[in-house]
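J.: Any chance you could fold what I've pasted below:
(one chain, ligands or ions: 1)
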Amino acid sequence: MEAYAARRDTGQQRKQDSASHLFGNNDFTWMNLKPDHANRPMWIDPKKGRIIVESFAKYKEQALDFLTTVAEPLSRPKHIFEFALTPHSLYAAVSVGLTPEEIIGNLDMMSKTPMPENIREFILSCTHSYGKVKLVLKNTKHYIESPDPQQLQKLLQDEVIGPLRVQGTEEIITTIAPKLAGLVIPGTKNFAGVQQATDLRGKERVAEAANETPAQEDIVNILNEDDEEEESVEAVHSFEIQDDCVEIVQKRCLELGLPVLEEYDFHNDKANPSLEIDLKPSAQIRTYQEKSLSKMFGNGRAKSGLIVLPCGAGKTLVGITAACTIKKGVIILCTSSMSVHQWRSEFLKWSNINPNDIAVFTSDNKGKFSGSTGIIVTSYSMVAQTGKRSYEANKMMEFITKREWGLMILDEVHVAPANVFRKVTSTIKTHSKLGLTATLLREDDKISDLNFLIGPKLYEANWMELAEDGHIARVQCAEVWCPMTTEFYSEYLKLPSKKKPLMWTMNPRKFQAAQFLIDYHEKRGDKIIVFADNIFALKAYATKLNKAFIYGDTGNAERMRILENFQHNDKINTLFLSKIGDTSLDLPEATCLIQISSHYGSRRQEAQRLGRILRAKRRNDEGFNAFFYSLVSKDTQEMFYSSKRQAFLVDQGYAFKVITHLQGIDDLPDLAFNTPAERRELLQTILLANDADLELDDRGDDLFHTNDGKSQAMKKKKKANARRTAGALSDLAGGQDMAYVEQNKSKSKELKSGKGKDVYPDAIFSNLCTQNQ
Ligand SMILES: Nc1ncnc2c1ncn2[C@@H]1O[C@H](COP(=O)(O)OP(=O)(O)OP(=O)(O)O)[C@@H](O)[C@H]1O
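T.: Predicted coordinates:
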């Protein structure tokens with residue numbers, strides 16, 4: 001993009017005034033405003049292809065709708081939204097059926113200034129070859145298909161792709177490809193509630209259009225245009241490629257500037273048996289779910305790609321509706337066996353699928369469906385496993401790999417490593433792939449792999465919009481700055497960098513802030529999750545404050561007992577969790593999060609943790625807000641990591657308030673580490689901490705993770721190295737200081753012994769929630 005800008009942005013006449021120097025190279029006053037610019041919602045930066053939308057503009061909704069299809073959302077704070085045109089976003093736009101001319105025309109129409117020439121060129125150069133080549137699966141064979149036979153000849157002459165054509169097959173096959181008129185997705189247009197909403201939106205737009213200037217009318221008309229296409233026929237040409245080389249061909253085509261689109265003409269698939277499945281009439285798809293699905297099924301075929309919706313926004317129902325639309329065999333891959341069972345029960349809840357037609361494949365269950373086709377729900381690890389399998393597991397894998405699937409749903413796509421996807425997508429033959437995730441963030445930068453392993457991003461929801469509509473909770477975010485005590489800070493400066501994180505986590509002022517916030521929110525009636533990656537800190541905080549905690553080594557039965565108490569026992573309102581609680585944790589009772597230690601600058605972890613309160617049960621109570629606090633030790637490196645972590649959420653429109661002093665903290669009775677002696681003792685403990693104490697919980701970030709053989713072995717090895725015991729702590733601390741470790745009996749132990757197991761009936765619990773509104 002910058003290269004285009006450099007070529008084009010020369011010698012433009014800038015209007016100089018007294019403020020011009022403040023804008024430097026970003027002074028775009030030379031661009032002429034259109035006469036009716038006030039009615040147009042956006043600006044296009046001619047240098048970087050960035051698009052700025054005024055959130056207060058009249059047609060912002062239509063502009064956002066269109067931009068979600070053609071551009072990547074970068075940031076969506078309250079008043080200004082920023083998008084970027086990128087090769088990937090334009091690829092996604094073409095894949096949902098937009099032509100380069102439509103993209104340019106619509107952008108130009110909505111822009112306050114004429115479309116910059118270099119942006120026009122950029123769009124044309126990125127899109128002229130997109131959509132020309134498709135990957136199609138027919139009768140379990142893979143074909144490269146194109147309406148242009150010359151394009152295929154070029155590919156056949158390519159040194160990488162040429163040899164991958166299946167020998168002995170016709171060089172180029174020509175067939176007729178019917179194009180379908182507008183498709184009706186079950187549940188999105190058929191159901192009464194949604195139909196009414198759609199009608200209403202349509203009427204509002206027509207009424208508005210009656211009072212528009214010509215330019216506005218254009219915007220309304222073009223954006224309201226349906227995707228309907230005339231029934232037409234055209235010739236398509238194809239050649240067959242070897243099944244195990246699909247990825248090589250896809251990668252090579254991308255290098256040649258011909259990204260391969262995967263499309264499935266499921267209406268005309270007579271080779272695969274149809275599945276009896278429909279959404280139940282009670283299932284009403286929400287507007288954003290409908291929008292995301294319309295990107296997948298835009299031109300009557302199923303396109304492979306990624307749908308990004310925040311935690312708790314209903315990705316499962318999106319997947320189920322996709323399955324009900326395609327009505328062929330479906331395979332679903334999840335991150336844990338817990339979610340495998342959740343997916344199956346959600347299918348039974350939302351659709352009329354016969355329970356015999358949906359089976360699960362986990363280490364404990366190897367069921368098959370009874371009919372000629374059906375649904376299998378399994379986990380990535382079951383399919384990608386490399387070691388020796390049991391006889392039944394082998395049979396099951398054969399059952400899965402020997403057939404052709406209509407749809408593969410990949411849940412939580414950002415979590416599994418790229419090589420696992422590679423294994424899954426290359427061993428299972430499927431016509432279309434749908435990846436679901438809350439964030440496309442990976443700290444290992446492997447996210448771009450998803451683009452050709454699964455497909456482009458088809459839709460990304462706006463978190464703030466969903467919160468406004470009550471689909472996810474509104475969250476108030478705050479960063480609490482905790483000064484280091486003098487003695488801690490002078491030691492902090494001297495310590496080697498690997499010991500510093502423990503110092504900023506165990507900072508006594510941070511401890512006090514956590515204690516105060518827990519007390520404050522418990523009194524408000526909140527249920528609080530405190531996150532600490534460092535296990536030493538997790539145990540120290542929880543023990544001192546007499547709260548329950550769960551980390552990697554907590555056994556399954558104990559985890560369940562603690563979680564159950566947290567949900568239903570009004571005496572257990574705070575739960576300390578290591579990073580194993582970052583994902584998959586469904587605790588809609590939780591309304592407040594406090595983060596005391598985290599994985600450095602991980603934006604993904606920050607977003608996942610916030611996700612734990614987005615589905616708060618009370619989200620639709622009037623005036624309800626959930627709270628997310630990040631406690632940060634002032635003047636330490638943690639400040640830097642903290643701002644890095646927040647970047648993604650800030651881009652989603654969350655504003656982090658900085659709290660430098662917690663009102664009333666000094667009046668809290670029994671404030672921990674309030675005397676110099678206590679603080680000195682704590683400092684001694686930290687200075688003598690061994691390497692194991694510095695470790696973060698690396699037992700995966702899934703609370704319901706069931707360890708396979710390998711991770712069990714790792715677990716044992718870890719245990720042998722770790723020397724973290726109460727005894728060690730007290731030994732180091734000296735006589736009177738033993739109080740620190742032993743004075744409070746662990747809440748977790750209390751729960752284990754059954755003492756705290758006082759499960760209140762739901763009625764009392766919900767009464768408690770409303771009282772403390
Ligand atoms: N259209 C809808 N109508 C009613 N309820 C819905 C709808 N869509 C989703 N839900 C409900 O919202 C809740 C969250 O849905 P789901 O578990 O699919 O979210 P998710 O996006 O997968 O979240 P996570 O990323 O945390 O797993 C569920 O209780 C689900 O039943």
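
J.: List the residues that contact the residue in the chain positioned nearest to the ligand.
T.: Using CB to the nearest ligand atom, the single residue of the chain nearest to the ligand is Gly314, 2.6 Å away. C-betas here are computed from N, CA, C, even on glycine. With contact set as CB atoms under 8 Å, 6 or more residues apart in numbering, Gly314 has these partners: 286, 289, 471.

J.: Domain-wise, how is this structure divided?
T.: 2-127, 264-467, 481-677+744-771 (automatic domain parsing).

J.: can I get those domains in CSV with mean pLDDT?
T.: Shown next, in CSV, are these (pLDDT from 0 to 100):
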stretch, mean pLDDT
domain 2-127, 80
domain 264-467, 86
domain 481-677+744-771, 80
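
J.: would JSON lines of the ones you listed with distance to Gly257 be doable?
T.: Formatted as JSON lines, the domains of the chain follow (distance: least, CB to CB, whole Å):
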{"stretch": "domain 2-127", "distance to Gly257": "9"}
{"stretch": "domain 264-467", "distance to Gly257": "13"}
{"stretch": "domain 481-677+744-771", "distance to Gly257": "30"}
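
J.: With adjacent residues omitted, what lies nearest to Thr425?
T.: Take Thr425 and drop its neighbours on the chain: the residue closest to it by CB to CB, 6 or more residues apart in numbering is Leu453, 5.5 Å away.

J.: make that Thr113, sorry
T.: Met31 (4.2 Å).

J.: That neighbour and Ala57, how far apart?
T.: Distance, Met31 to Ala57, using CB to CB, to the nearest Å: 18 Å.

J.: what's the answer for Asp27, then?
T.: From Asp27 to Ala57 the distance is 22 Å (CB to CB).

J.: same deal with Asn356?
T.: 53 Å.

J.: Please apply the same query to Ser426.
T.: Counting by CB to CB - Ser426 and Ala57 are separated by 46 Å.

J.: For those two, indicate the residue with more neighbours.
T.: With neighbours defined as other CB atoms under 10 Å, Ser426 and Ala57 compare such that Ala57 has more, 18 against 14.

J.: Would you check that the more buried one makes contact with Pro41?
T.: Yes - counting by CB atoms under 8 Å, Ala57 touches Pro41, with 3.6 Å between them.

J.: anything in contact with each of the two?
T.: Ala63.

J.: For the chain, which residues are neighbours of the ligand?
T.: Residues of the chain lying close to the ligand (CB under 6 Å from any ligand atom) are 284-286, 289, 309, 311-317, 438, 611, 615.

J.: and if we set it to 8 Å?
T.: 283-286, 289, 309-318, 339, 342, 346, 349-350, 411-412, 436, 438, 471, 583-584, 586, 611, 614-615 (CB under 8 Å from any ligand atom).

J.: Of those residues, which belong to helices?
T.: 289, 315-318, 339, 342, 346, 349-350, 611, 614 (DSSP state H).

J.: would TSV of those residues with neighbour count be doable?
T.: Listed next are these as TSV, based on neighbours: other CB atoms under 10 Å:
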residue	neighbour count
Gln289	24
Lys315	23
Thr316	20
Leu317	22
Val318	24
Ser339	23
Gln342	18
Glu346	17
Lys349	13
Trp350	22
Gly611	21
Leu614	24
